[in-house]
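Q: Quick one, what's the 3D model for this:
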Amino acid sequence: MAKKIGIGIAAVVALLLVFIATRPSTFRVERTARVGAPPAVTFAQIQDLRAWSEWSPWDKMDPNMKRTYEGAPAGEGAVYRWSGNDKVGEGSMTIVETRAPELVAIRLDFVKPFASTNDTRFQLSPEGDGTRVVWSMEGKNDFLGKAFSVFMDMDGMIGKDFEAGLAALDTVASRKAAQAP
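A: As a prediction, the model looks like this:
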């Protein structure tokens with residue numbers, strides 16, 4: 001009897017491992033919003049990592065988060081490091097490419113809650129008197145990431161954060177545009 005139970009458990013574990021192995025090896029999260037400010041004003045808020053504290057959804061999750069900045073003050077080479085509570089974790093962002101006022105590409109390196117490197121992009125295009133902003137993040141799922149995706153996908157985890165961030169970016173950029181001469 002114990003042998004049959006052991007074989008049954010081994011079969012279930014083997015099936016679970018096969019199922020996990022068949023999960024996608026990459027993920028992509030993307031949200032789009034219209035910002036009520038011209039592309040140049042919106043771009044300025046994204047390519048200046050120091051300005052993120054005004055609109056980043058994660059800053060609201062941990063107001064006591066420790067932040068440091070390195071490299072260029074904005075644009076390519078700008079680096080932002082953070083360490084915070086369990087909601088925001090620890091990591092860094094490095095701007096690896098900019099094309100004013102249409103693209104900001106960022107390498108996002110997480111240390112906690114788990115180590116990973118993802119590519120994040122903000123693509124901007126004129127839309128009437130405002131800007132269409134597409135915020136995306138792509139990454140790879142190792143075996144642990146594939147196992148995690150059985151229970152929670154990245155889109156479900158951070159999609160709402162992207163939406164909140166884009167709404168806050170709209171508020172900030174619109175205010176800055178209204179203040180401009």
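
Q: use CA for all of it now, contacts and neighbours both
A: Noted.

Q: Centroid-nearest residue for the chain?
A: In the chain, the residue lying closest to the centroid (CA atoms, centre = their mean) is residue 137, at 5.4 Å.

Q: Could I get the average pLDDT for whatever helix or strand that one lives in?
A: According to DSSP states H and E, residue 137 maps onto strand 130-140. Strand 130-140 comes out with an average pLDDT of 94.

Q: can I assume residue 85 sits in a strand?
A: No. Looking at residue 85 with DSSP: H, G, I helix; E, B strand; the rest coil, it is coil, so not inside a strand.

Q: for it, phi and psi?
A: For residue 85, the backbone dihedrals (degrees, to the nearest 10) come out as phi -70, psi -170.

Q: bridging residues for the residue nearest to the centre of the chain?
A: In this entry, residue 137 is beta-bridged to residue 29, residue 120, by DSSP bridges.

Q: One more: residue 109?
A: As for beta bridges, residue 109 partners with residue 92, residue 117 under DSSP bridges.

Q: Test my guess that it contacts residue 91.
A: Yes. Using CA atoms under 8 Å, residue 109 is in contact with residue 91, at 5.4 Å.
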